[in-house]
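S.K.: For reference, the sequence and a predicted model appear below.
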Amino acid sequence: MAHDQHLIETRVESERVFDGALLHINRDTVRLPDGSSATREYVVHPGAVMVIPVLDDGRLLMERQFRYPLDRVFVEFPAGKLDPDETPLACGQRELLEETGYTAREWEYLGVLHPIISYTTEEIHLFIARGLTAGVAQLDEGEFVETVAMSREELADGVLSGHHTDAKTIAGLFWLQHKQPGPR
């Protein structure tokens, strides 16, 4: 935007410093608004989708999953990375089925979340899924996930107590509270 010009950094040079199976790391030289230069390192991510599955009784279908970088089990909404040329809706449907075994009759797109704006290009598309039907999970090899149902109140209490700290799940709860008001 024109009125933001005094804040904009311009890429001068870009170097790929790491190419992983999922993530890539770039180191760019940028020109700052005052004309000086700086280095920016960031993770290039393919994008992802998170699904907020709402059971017919109003409870939320959650996952418990060990997250290696932080060495602990987290409670989170089902989510996964976009495959090349995959639409966000197709990804959400695939991830919900693979990780939980559930399918949904209704899908509502909420928007996009940028979980870590300081060092990654990742954006997560958010959906609410309703009209759920149980099935058999189809976990990827090496993926271990446990599903649990909890009320919005239980999830909110876990967030407020500091037990549930996954940023995308906290954002999902926020969206749910504003899109589907009522009992927590």
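M.R.: Nice, I can see it. Residues are numbered from 1 along each chain as shown.
S.K.: Okay, domains of the protein per the record?
M.R.: Under the assignment automatic domain parsing, the domains of the chain span 2-44, 48-179.
S.K.: just how off-centre is the one helix or strand W107 maps to within its chain?
M.R.: Per DSSP states H and E, W107 falls inside strand 103-113. With C-alpha atoms, centre = their mean, to the nearest Å as the basis, strand 103-113 stands 13 Å off its chain's centre.
S.K.: Name every strand pairing with that strand and say which way it goes.
M.R.: When pairing is defined by DSSP bridges, strand 103-113 lines up against strand 124-133 (antiparallel).
S.K.: confidence score at the spatially most central residue of the chain?
M.R.: The centroid of the chain falls nearest to I124 when counting by C-alpha atoms, centre = their mean (4.4 Å). Per-residue pLDDT puts I124 at 98.
S.K.: Show the contacting residues for E76.
M.R.: E76 is in contact with M62, E63, Q65, H164, D166, K168, T169, counting by C-beta atoms under 8 Å, 6 or more residues apart in numbering. To be clear about C-beta, it is placed using only N, CA and C from the backbone, and glycine gets the same treatment.
S.K.: where does the last one land in three-state SS?
M.R.: In three-state terms, and counting by DSSP: H, G, I helix; E, B strand; the rest coil, T169 is helix.
S.K.: Low-confidence stretches in the chain?
M.R.: Residues of the chain that meet the criterion pLDDT under 70 lie in 1, 180-184.
S.K.: who's sitting farthest from the centroid in it?
M.R.: Farthest-from-centroid check, the chain (C-alpha atoms, centre = their mean): G35, 35.3 Å.
S.K.: Just give the number of residues close to F144.
M.R.: 10 (other C-beta atoms under 10 Å).
S.K.: wait, doesn't it sit right on F66?
M.R.: Yes. Taking contacts as C-beta atoms under 8 Å, F144 lies within contact range of F66: 6.9 Å.
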